[in-house]
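In: Just the structure for this:
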Amino acid sequence: MAQGRRVAKVAALIRKEMSQLLMNGIRDDRVHLGMVTITDVEVSGDLQHCKIFVSIYTEDDQKAVVMEGLQAACGFLRGQLGRKLQLRRAPEISFYLDRGIEKGAAVLTVLERLEKERKLTGDFLKSEADQDL
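Out: Presented below is the predicted three-dimensional model:
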């Protein structure tokens, strides 16, 4: 169980440091085309591999460009993480696009639209019922 806590702690530290590096450390203009948010970090049990899930707020055609910039910066980010976390060996980093927030926003939009339609239909039905009386 102690191993699981260590992995979780390292994942939290990686998330914190990576957030700082994304804001201040990367000079690649491709990464700054959109707002990049780290949604989740998964670290393997041996601490050798790290999956970083990101959500990118920009237009769809620029998301691929931002991901290319992140992939290109993996070596730099790995070196920075190794220095800041003082691990024996810095984990290999890979970025994955997380579309969960986008899908959640789309579902909320559909629900709001359905709620408006229900209110309009309900008001229409109430007015018809009043006319029948």
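In: Can you show me the helices along the chain?
Out: Along the chain, the segments classed as helices by DSSP state H run 2-20, 60-72, 74-85, 100-132.
In: Let's have those in JSON lines, adding mean neighbour count.
Out: C-beta: built from backbone N, CA, C; applies to glycine. As requested, the helices of the chain are exported to JSON lines (neighbours: other C-beta atoms under 10 Å):
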{"stretch": "helix 2-20", "mean neighbour count": "14"}
{"stretch": "helix 60-72", "mean neighbour count": "15"}
{"stretch": "helix 74-85", "mean neighbour count": "15"}
{"stretch": "helix 100-132", "mean neighbour count": "10"}
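In: Least confident of those, on average?
Out: Of all the helices of the chain, mean pLDDT reaches its minimum on helix 100-132 (a mean of 76).
In: before we move on, back to that, need the helices of the chain in a markdown table with distance to residue 32, can you?
Out: Converted to a markdown table, those look like this (distance: least, C-beta to C-beta, whole Å):
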| stretch | distance to residue 32 |
| --- | --- |
| helix 2-20 | 14 |
| helix 60-72 | 8 |
| helix 74-85 | 15 |
| helix 100-132 | 19 |
